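Asks: this is the structure alone, sequence omitted:
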């Protein structure tokens, strides 16, 4: 009996996890395309092919759904970055800048800006932003082989991520990729000089 | 009679210009504090102490009012920057970064993000962003004494402004000034090396 129960339970948990992931992916796509004002639980449930009741079972409030969605996709992207083979610094910088120019950044930006005006959203997004920011910094240090015990290295990496965020903003309304490539090439050279040889 | 007419006309033009400027300043404050959703012509007119009819005489549509407002304040800030006495590079970088951490940046950010989803707003904001961006770049080159005929200098200055924009975004929900000062100090040193001596 125990075996049967487990077998019956597992697929149900799998289904529940799959539903959850479909909702999270649909929530990020919705935020990126329609902004906060156009992103409701109902719209996301419909996109994900899930009933509104099932969506609310997973995410009781709109804030729950959208903060979880941005976090989920940020974690997925972090894992993908960590799984990259060892690369030269130019490729690493390009991959880091890429974090800020896709649908995840658009979704996160809509959430941040909405959090300026919405009291319920603000503390949760602030906390999420800090967590995702720390994780991105850790990954950047690791992939760049940066030695943070050397003075200025920590701030150099932070400034690079600030630049990447600014480049994401510049890409919001127009395709800024040609200009961005030139800026990234030049700043990679500056960074390389500042960081010195990669830590082993 | 000619003299009298001119005298009577001037104060009226002055009053009209003063009303226009009050509306523009109120529109930027409103965008920065309430976001796009909370920023209507009526709300701005009330803040500025102007009738709704007078506001609509100056700015027929909501898009007219808010794009004009962001442009007006951006121009005011540009003029203030140009009027600065000659300064060392660290002060110039601090002043440039300061462009992206105040109410004007918050207002512009709300307008950009709203323009993602609003067809009527998008082309106007895209055009405004390009114009303000070019002007800011020109001022940065001038104040930094950067020689753009040298390879990489143009992209170095662009990257600095992208970093400044990213630092503005990091300051949206929390006071990021302590971290920002350290990042700016480090990148000013890197930038100084890349730009070489200031052009005379």
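Replies: Now that the structure is in, tell me what you want to look at. As the structure is a prediction and not an experimental result, all values here were calculated from the model. Residues are numbered from 1 along each chain as shown, chains lettered A, B, ... in the order given.

Asks: and the gap between residue A:102 and chain B?
Replies: Distance, residue A:102 to chain B, by Cβ to the nearest Cβ, to the nearest Å: 14 Å. For the C-beta atoms, the positions are set from N, CA and C on the backbone; glycine is no exception.

Asks: right, and residue A:42 touches residue A:52 too?
Replies: Yes - using Cβ atoms under 8 Å, residue A:42 is in contact with residue A:52, at 5.5 Å.

Asks: residue A:59 against residue A:48, yeah?
Replies: No - using Cβ under 8 Å as the test, residue A:59 is too far from residue A:48 to be in contact (11.1 Å).

Asks: which residues are in contact with both of the two?
Replies: Listed as contacting both residue A:59 and residue A:48 by Cβ atoms under 8 Å, 6 or more residues apart in numbering or on different chains are residue A:23.

Asks: poorly predicted segments of chain A, please.
Replies: The model of chain A has pLDDT under 70 over residues A:1-10, A:199-200.

Asks: which residues in it form helices?
Replies: Along chain A, counting by DSSP state H, helices occupy A:2-34, A:41-48, A:52-58, A:62-82, A:89-98, A:103-117, A:122-144, A:153-170, A:177-195.

Asks: from those helices, which stretch is densest packed?
Replies: helix A:153-170 (a mean of 25; mean count of other Cβ atoms under 10 Å in any protein chain shown).

Asks: orientation of it relative to helix B:177-195 in degrees?
Replies: Put simply, helix A:153-170 runs at 90 degrees to helix B:177-195, going by axes from the mean of the first three to the mean of the last three Cα atoms, to 10 degrees.

Asks: is any residue of helix A:153-170 near chain B?
Replies: Yes - against chain B, helix A:153-170 shows contacts by Cβ under 8 Å from any Cβ of the partner chain at A:155-156, A:158-159, A:161-170.

Asks: circling back: which stretch among the helices of chain A comes nearest residue B:181?
Replies: helix A:153-170 (9.7 Å; Cβ to Cβ).

Asks: chain center to the closest one: distance?
Replies: Its chain's C-alpha centre and that of helix A:153-170 lie 15 Å apart, by Cα atoms, centre = their mean, to the nearest Å.

Asks: report the inter-axis angle for that helix versus helix A:89-98.
Replies: Using the same axes, to 10 degrees: helix A:153-170 against helix A:89-98 is 50 degrees.

Asks: show the contacting residues for the residue nearest to the spatial centre of chain A.
Replies: Central residue of chain A (Cα atoms, centre = their mean): residue A:74, 2.7 Å from the mean position. Applying Cβ under 8 Å, 6+ apart, we find residue A:74 in contact with A:104, A:108, A:132, A:135.

Asks: now do 6 Å
Replies: By Cβ atoms under 6 Å, 6 or more residues apart in numbering or on different chains, the contact set of residue A:74 is residue A:132.

Asks: what's the spacing between it and residue B:33?
Replies: Using Cβ to Cβ, to the nearest Å, residue A:74 is found at 28 Å from residue B:33.

Asks: identify the residue nearest residue A:148 in space, chain neighbours excluded?
Replies: Distances taken as Cβ to Cβ, 6 or more residues apart in numbering or on different chains place residue A:154 nearest to residue A:148, at 4.9 Å, with adjacent residues excluded.

Asks: for chain B, what are the nearby residues on chain A?
Replies: Contact residues, chain A versus chain B (Cβ under 6 Å from any Cβ of the partner chain): A:35, A:112-113, A:115, A:117, A:126, A:152, A:155-156, A:158-159, A:162-163, A:165-167, A:169, A:172-174, A:182-183, A:186-187, A:190, A:194.

Asks: still on that earlier bit, tabulate the helices of chain A in CSV, adding columns for distance to residue B:140.
Replies: What follows is these, written out as CSV (distance: least, Cβ to Cβ, whole Å):
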stretch, distance to residue B:140
helix A:2-34, 31
helix A:41-48, 42
helix A:52-58, 47
helix A:62-82, 32
helix A:89-98, 21
helix A:103-117, 24
helix A:122-144, 26
helix A:153-170, 13
helix A:177-195, 13
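
Asks: for residue B:19, which of these is the nearest?
Replies: helix A:103-117 (27.6 Å).

Asks: can you list the residues that contact that closest one?
Replies: A:28, A:31-32, A:35-36, A:66, A:70, A:73, A:121-122, A:125, A:168, B:35, B:113, B:172-173.

Asks: hmm, try it at 8 Å
Replies: With contact meaning Cβ under 8 Å, 6+ apart, helix A:103-117 is reached by A:27-29, A:31-32, A:35-36, A:39, A:66-67, A:69-70, A:73-74, A:77, A:99, A:121-122, A:124-126, A:129, A:132, A:168-169, A:172, B:34-35, B:37-38, B:106, B:109-110, B:113, B:116, B:169, B:172-173.
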